[in-house]
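Peer 1: Okay, structure incoming, though there's no sequence with it:
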């Protein structure tokens, strides 16, 4: 289970919000990858997650992204704890 701290003003980088002007919410990118890449190798998913996190300006660690890639690959649910600062 991953954990990330996000400033309140940057929640729109993480969560899909139709009212937001920010263009790359990570939640949407993760959901799209999970749907399209389920069952694919972790090595294929990992760089796509890294790019999505970088575009959303989120500071996920390599271990966090690997856990997420494993969840997508296996089809297991992934729980992310978000601490809002």
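Peer 2: Received the coordinates, thanks. Source: prediction; values computed, not measured.

Peer 1: What helices and strands are in contact with the host helix or strand of residue 35?
Peer 2: Here residue 35, judged by DSSP states H and E, is contained in helix 26-37. In terms of contacts (3 or more CB pairs under 8 Å, 6 or more residues apart in numbering; DSSP states H and E), helix 26-37 is packed against helix 11-14, helix 42-55, helix 62-74. For the C-beta atoms, the positions are set from N, CA and C on the backbone; glycine is no exception.

Peer 1: Residue 34 is nearest to which of those helices?
Peer 2: helix 62-74 (4.8 Å; CB to CB).

Peer 1: What angle do helix 26-37 and the closest one make with each other?
Peer 2: Put simply, helix 62-74 runs at 40 degrees to helix 26-37, going by axes from the mean of the first three to the mean of the last three CA atoms, to 10 degrees.

Peer 1: Now do the helix holding residue 35 and helix 42-55, the angle between them.
Peer 2: Orientation check (the same axes, to 10 degrees): helix 26-37 against helix 42-55 gives 160 degrees.

Peer 1: buried ones in helix 26-37?
Peer 2: Neighbour counts over helix 26-37 (16 or more other CB atoms under 10 Å) mark 26-27, 29-30, 33-34, 37 as buried.

Peer 1: For the chain, which element, helix or strand, carries the lowest mean pLDDT?
Peer 2: When each helix and strand of the chain is scored by mean pLDDT, DSSP states H and E, strand 2-6 comes last, with a mean of 62.

Peer 1: ok, of the helices and strands packed on helix 26-37, where does mean pLDDT dip lowest?
Peer 2: For the helices and strands packed on helix 26-37, the weakest mean pLDDT is recorded on helix 11-14, namely a mean of 68.

Peer 1: From the chain's centroid, how far away is stretch 53-69?
Peer 2: Stretch 53-69 has its C-alpha centroid displaced from the chain centroid by 6 Å (CA atoms, centre = their mean, to the nearest Å).
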